[in-house]
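> please find the sequence and the predicted model below.
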Amino acid sequence: MNYPQIKPTLNLDFSNTKTLDPRINFRRGTPGAYYDGKTYTKAEENLLSYSEDFSEWHSVFSTNETSQNDPSGGTGATLLKEDDSAEESHGLRFDGLGSFASFTTFTFSVYLKKKERDYVDVSIHGAANQYASVRFNLSGGVVDQSTSAGQFTILEKNIESVTGDWYRAIITAETGGSNSDAKIYIGMSNDSDVVGDRGIISYTGDGSSGFYIWGAQLEQRDSLTAYTPTNGDPITKYQPQLMFASPDQPRFDHDPITGESKGLLIEESRTNLVWYSENFAVKGISNPESAWLYTRCSLDTNGPISPDGTTLSVIMKHDTTVTNGGGLYMSGDSDLDDKYIPAGTNTYSWYAKNAGVNFFVINTGGNKVFFDLTNGTAKSFATLIDSYGIEHVGNGWYRCHVVTSQATNLYFYQSDQDDDASQTVSGAGGVAVWGPQFEQGSFPTSYIKTTSDASVTRSADNASITGENFSSWYRQDEGSVYCEALKNGLSTNVVLSINDATDDNRMFINLRDNEQFEVTKNSANQAQIGKAGIDYNNFNKICATYKKDASSVCVDGSTVSSDTTCEIPYVDRLLIGQNYSSNVLYNYNCYIKKISYYPQRLTNEQLQQLTK
């Protein structure tokens, strides 16, 4: 058989075991981001089956007039009008909630706008004498009063101005016990200070007064998120959660969409130059709480759940009084220009999601790249962009990046078309954004969060085997090394190096055309062999074998490349994702599924069989 009969003396199967062999010494002094392939976070949720069609709610001594202008720019709102019944409550009731479990924390929100009635009571209740009720003043945009009973506790109450005199009324509460037959009531108040049964006012209606209502949402969590419409069924979505490994903990990364195990993630050190990478809400570069300016848009801090499962994303809401798409920008401050646009090649990346507007645009001084947040594609008309890309990370979130050495200022905005001559937006809506990263380098690395007015550095991943942990499996005169790895970034990516802590004596496997295996002895180059035309978009299977005058390498089952005049150096360690050059240790960037070592020079046929 062509397949090796000898067993490997070192078998590092990172992709399947997702653990480190105890012989490996691993260090990384800071946290590092990755996907673990199994952790998902709850994203959009609306437990109400009808969030806009209030004809499906129970009318309580009231009538509905549909097709009213809503805050999203459509006509999905309803005018709720009281009838003339005497000493009754007037409003809407949603009955289809079933039961609240014990100690459930929930957040309810609804968009409201004054017509004749200033005051609206919102009440969530279960069994008798179990409720939480808040009265909102739509004239002043304030919380007027609140009351609760039984085991219900109001944790938060708020009203937020939206657009066009609309408000979003919000209640966060805890049930504190099991409640069957739970209901939501939204009703009018005749301005009385009296709080009725379960927070609901009863009075004699005039047959015409009312208010506008749109976009009701119930979420089982302790904070508000972006509005999610429903029309017949409740919605609960989940998305892959970006995780953060603790310092000195390896990262076994996964594709967030397919779940493919990508093995051990090895990265060089990088710095996120952005201050407050998850805080965009405070305006003004001169303000120490933020580095951001924004124009032709407002920031809705109730964005969708962020890729890391937090509620820190924002929506760049388009200003409907203008047609040009607004956004965030950084310019006009020399200190920040120098900081965020340093000399050399830089990579600018963002997480972005369609929140009513489809295209997210990165503009580095007139050099624009348009990112399609529906189809996951990108287009650029710029000549001063080195490269760009877009990666889907789940549930409509994309990580978008641009690489350039020619940026003069930074502007990140929205557009409803990918036309270089236009940046228009029609109607309401926006783009949700989170996690910007500005780093010096020619490709993006994993996300580094910053939480203050300072940059943050992620240190390099360092993995090695030395001493007896190395000599116990390694053979000096001959052997074979197999690896399965994916290039990440640089044109030269060393997967592993076997050396003596110098570049005088070393053998290393490299993801580079024609040079997948290189050997140096006593500072003299012995071999530099490999295949041309590597597919850098997929994992490569490489097996290199060494023996005096008989060293070879094979990539992905292709023709074997050999060197028949190769001297073999004495070495004493294995470095993973690292190599010496001019006796300086360099860190590289790759995903490694597997490394195996055979204490024998395998045949060329066996090399091909292993790497198919």
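Arrived safely.
> going forward, measure contacts between C-alpha atoms and count neighbours the same way
Will do.
> first vs last residue of stretch 553-570, how far apart are they?
20 Å (Cα to Cα, to the nearest Å).
> scratch that, stretch 295-307
Start-to-end, stretch 295-307 (Cα to Cα) is 25 Å.
> equivalent analysis for stretch 516-534, please.
Taking Cα to Cα as the criterion, the two ends of stretch 516-534 lie 10 Å apart.
> same check on stretch 252-271?
Termini of stretch 252-271 sit 21 Å apart (Cα to Cα).
> give me the buried stretch members for it, please.
For stretch 252-271, a neighbour-count test (16 or more other Cα atoms under 10 Å) marks 252-256, 261-271 as buried.
> which ones among those map onto strands?
If you go by DSSP state E, these have 252-254, 261-266, 270-271 in strands.
> returning to that earlier point: out of the buried residues of stretch 252-271, which is nearest to residue 305?
Closest to residue 305 out of the buried residues of stretch 252-271 is residue 256 (15.6 Å), distances taken as Cα to Cα.
> residue 39 versus that closest one, what's the distance?
According to Cα to Cα, residue 256 stands 10 Å off from residue 39.
> hey, what's in contact with both of the two?
Counting by Cα atoms under 8 Å, 6 or more residues apart in numbering, the common neighbours of residue 256 and residue 39 are residue 240.
> domain map for this protein?
Following automatic domain parsing, one finds the domains of the chain at 10-35+462-611, 46-237, 270-458.
> that older thread, for the ones in strands among the buried residues of stretch 252-271, which one is nearest residue 503?
Distances from residue 503 to those, taken by Cα to Cα, are shortest for residue 266, at 20.6 Å.
> I'd like the distance between the closest one and residue 191.
According to Cα to Cα, residue 266 stands 64 Å off from residue 191.
> shaky segments in the stretch 351-500 of the chain?
Within the stretch 351-500 of the chain, the ranges that satisfy pLDDT under 70 run 491.
> and the ones in strands among the buried residues of stretch 252-271, which two are furthest apart?
Using Cα to Cα, these span at most 26.1 Å, a distance reached by 261 and 271.
> contact partners for the residue nearest to residue 100 when sequence neighbours are not counted?
Take residue 100 and drop its neighbours on the chain: the residue closest to it by Cα to Cα, 6 or more residues apart in numbering is residue 179, 5.1 Å away. Residue 179 is in contact with 99-102, 126-127, 130, counting by Cα under 8 Å, 6+ apart.
> by neighbours, which of those residues wins?
Within the contacts of residue 179, residue 126 tops the neighbour count with 24 neighbours, counted by other Cα atoms under 10 Å.
> any chance of the backbone angles for the residue lying closest to that residue once chain neighbours are set aside?
Leaving aside its sequence neighbours, residue 126 sits nearest to residue 182 (Cα to Cα, 6+ apart; 4.2 Å). Backbone torsions for residue 182, taken as degrees, to the nearest 10, come to phi -70, psi 150.
> list the contacts for residue 182?
95-100, 124-127.
> next one: residue 374
Here residue 374 is in contact with 354, 358, 396 (Cα under 8 Å, 6+ apart).
> what ranges does the stretch 251-400 of the chain have for its helices?
Assigned by DSSP state H, counting those that start in this stretch, the helices in the stretch 251-400 of the chain fall at 334-340.
> if you could redo that for the chain, that was the one I meant.
Ranges of helices in the chain, per DSSP state H, are 14-17, 334-340, 468-471, 604-611.
> output the below-cut-off pLDDT ranges for the stretch 51-200 of the chain.
In the stretch 51-200 of the chain, residues with pLDDT under 70: 193-197.
> that one: strands as residue ranges?
58-60, 62-68, 77-82, 91-94, 105-114, 119-125, 131-137, 142-149, 153-161, 167-174, 183-189 (DSSP state E, counting those that start in this stretch).
> and residue 512, which of these is closest to it?
strand 105-114 (53.3 Å).
> paired strands for the closest one, with orientation please.
Sheet pairing for strand 105-114, assigned by DSSP bridges, gives strand 167-174 (antiparallel), strand 210-219 (antiparallel).
> what angle separates the shortest one from strand 131-137?
Yep, that's strand 167-174 we're talking about. Angle of strand 167-174 versus strand 131-137, following axes from the mean of the first three to the mean of the last three Cα atoms, to 10 degrees, is 160 degrees.
> now do strand 167-174 and strand 119-125, the angle between them.
30 degrees.
> ok, residues contacting strand 167-174?
103-113, 132, 134, 136, 138, 141, 151-162, 222-224.
> now do 7 Å
Contact with strand 167-174 is made by 103-113, 152-162, 222-223, as judged by Cα atoms under 7 Å, 6 or more residues apart in numbering.
> mind giving me the ChimeraX command for buried ones among these?
Those of those that count as buried under 16+ other Cα under 10 Å are selected in ChimeraX with:
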select :103,104,105,106,107,108,109,110,111,112,113,152,153,154,157,158,159,161,162,222,223
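> sorry, back to before: adding distance to residue 51 and mean neighbour count, write the strands paired with strand 105-114 out as TSV.
Shown next, in TSV, are the strands paired with strand 105-114 (distance: least, Cα to Cα, whole Å; neighbours: other Cα atoms under 10 Å):
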stretch	distance to residue 51	mean neighbour count
strand 167-174	14	25
strand 210-219	5	25
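> so can I have JSON lines of these showing distance to residue 555?
JSON lines is the format used below for those (distance: least, Cα to Cα, whole Å):
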{"stretch": "strand 167-174", "distance to residue 555": "58"}
{"stretch": "strand 210-219", "distance to residue 555": "52"}
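> the ones you listed: which one's closest to residue 80?
Among the strands paired with strand 105-114, strand 210-219 sits nearest to residue 80 (Cα to Cα), with 5.4 Å.
> so for the closest one, what's the average pLDDT?
Average pLDDT, strand 210-219: 97.
> and if you look at stretch 32-42?
Per-residue pLDDT values over stretch 32-42 give a mean of 97.
> for it, buried residues please.
Those would be 32-37, 40-42, for stretch 32-42 by 16+ other Cα under 10 Å.
> now swap in stretch 512-521 and tell me
512-513, 515-521.
> again with stretch 422-439
423-439.
> tell me the contacts of the closest residue to residue 558 other than its chain neighbours?
Counting by Cα to Cα, 6+ apart, residue 608 is the residue found nearest to residue 558 once chain neighbours are left out, at 6.6 Å. Shown in contact with residue 608 (Cα under 7 Å, 6+ apart): 554, 557-558.
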